[in-house]
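Novice: Below are the sequence and a predicted model; questions follow.
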Amino acid sequence: MTRDQIARAIKDNHAEFLDVIVGLDDDALTKHPVIDWWTIKDLMGHISMWEQVGLKFIREYQRDGLPKPLGISDDAADEIDKHNKREAVIRRDWSLARVRAEFDAAYRDLYAAAETLNDADLSKQLPAPWDKGDTLEKLIAINSYQHNPEHIAQIKKWRAAR
């Protein structure tokens, strides 16, 4: 994808998430599990955390020419699950306002950072320790616009069942 397509995808994802939670009160956002024990507030924190990872990758690429892996294997679902739960626990006691502020800031910062990239940087194969086929575009995608629709769909399903 080009820089403009990536920026548009990030923007559209954020707008769609906001659309799917329109009209929900604070109780619906914070007290009712949407999937397993995850509330919408938890999902907002989860999305924020992964968008911040995408932002981290962009900043490291711009600074050092190479983003640093998180040390979590993409193939190890249990490692990713542990990371997700650990991060969710951190945000669990945060107020809705604080989670929402992080959610909006993560989006804003990722969107702004994506707009500073050029198409060549996005499509260039990253060297080791990255796997063959890993590009900056892929790292941004899996941490934002390819990841977020899963959670948007979960909220839509939850709302339809209410």
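Specialist: Thanks, I have it.
Novice: switch to C-alpha atoms for all contacts and neighbour counts from now on
Specialist: OK.
Novice: Helices along the chain, start to end?
Specialist: Here the chain has its helices, by DSSP state H, at 3-21, 26-30, 40-64, 77-92, 96-115, 119-123, 136-142, 148-161.
Novice: quick one: residue 72 from residue 148, how far?
Specialist: 19 Å (CA to CA, to the nearest Å).
Novice: With neighbour numbers in mind, choose between these two.
Specialist: The residue with more neighbours, out of residue 72 and residue 148 and counting by other CA atoms under 10 Å, is residue 148; that gives 24 against 13.
Novice: From residue 44, how far out is the more buried one?
Specialist: Taken as CA to CA, the span from residue 148 to residue 44 is 10 Å.
Novice: Does residue 100 touch residue 46 like I think?
Specialist: No: contact criterion CA atoms under 8 Å: residue 100 and residue 46 do not qualify, at 11.3 Å.
Novice: Count the residues that sit near residue 131.
Specialist: Using other CA under 10 Å, residue 131 has 10 other residues around it.
Novice: which phi and psi does it have?
Specialist: The phi and psi values for residue 131, taken as degrees, to the nearest 10, are phi -80, psi 160.
Novice: Offset the numbering so it begins at 31, please.
Specialist: All right, first residue 31 from here; so that's residue 161.
Novice: Can you read off the pLDDT for it?
Specialist: pLDDT recorded at residue 161 is 90.
Novice: gap between it and residue 154?
Specialist: Taken as CA to CA, the span from residue 161 to residue 154 is 13 Å.
Novice: helices or strands next to the lowest-mean-pLDDT helix or strand in the chain in the packing?
Specialist: In the chain, the helix or strand scored least confidently by mean pLDDT, DSSP states H and E is helix 107-122, which has a mean of 91. Under the contact criterion of 3 or more CA pairs under 8 Å, 6 or more residues apart in numbering; DSSP states H and E, helix 107-122 touches helix 70-94.
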